[in-house]
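A.B. asks: Predicted structure and sequence below. I'll ask about it afterward.
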Amino acid sequence: MKITKIIAVAAIAGLTLAGCKKEVDKNLANIKPVETTTKEHKAIAPENVQTASFEIEGMTCAMGCAKTIEKELSNLDGVEKAAVDFDKKTATVTFDKTIQNSESLTRVVQATGDGKTYKVSNFKS
């Protein structure tokens, strides 16, 4: 009886390992990695520097939501720095007030994703 159990376990383990072989899609072998570029930030005249903070509702994860919003804000013209804190549900943005404003920053955050997920509130500058 003991030998039968050992054979059964070995057979199940063998089938599991054989069934889990990963086949590489041959089309994937020809895909080249996407090159990412970082935006160069132009210096902002000291009299035009403004920092704003606001709350963002609707974020469900740090990497997918917060980092995506942070990237979108950082890539805007006139934005020197953007930081989104997932745990605190807040964003802090340093920007050129002659290029960006509270409405444009809010619009970018709320347009990220499907346009309905993220809501900006308590905008302070």
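C.D. replies: Perfect, thanks for sending it. Residues are numbered from 1 along each chain as shown.
A.B. asks: low-confidence ranges in this structure?
C.D. replies: Per-residue confidence for the chain (pLDDT under 70) gives these ranges: 1-41.
A.B. asks: continuing past the strand ranked longest in the chain, what's the next helix or strand?
C.D. replies: Longest strand in the chain, counting residues (DSSP state E): strand 49-57. Where DSSP states H and E defines the elements, the next helix or strand beyond strand 49-57 is helix 67-74.
A.B. asks: what's that next one packed up against?
C.D. replies: With contacts defined as 3 or more Cβ pairs under 8 Å, 6 or more residues apart in numbering; DSSP states H and E, helix 67-74 has these neighbours: strand 79-85, strand 90-96, helix 102-111. All C-beta spots, glycine's among them, are computed from the backbone N, C-alpha and C.
A.B. asks: Identify the residues contacting that helix?
C.D. replies: If you take Cβ atoms under 8 Å, 6 or more residues apart in numbering as the criterion, helix 67-74 is touched by 39, 56, 59, 79, 81-84, 91, 93, 105, 108-109, 112-113, 118.
A.B. asks: Show me what the nearest residue to Leu105 once chain neighbours are set aside bridges to in the sheet.
C.D. replies: Counting by Cβ to Cβ, 6 or more residues apart in numbering, Val93 is the residue found nearest to Leu105 once chain neighbours are left out, at 5.9 Å. Beta-bridge pairing for Val93 (DSSP bridges): Ala52, Ala82.
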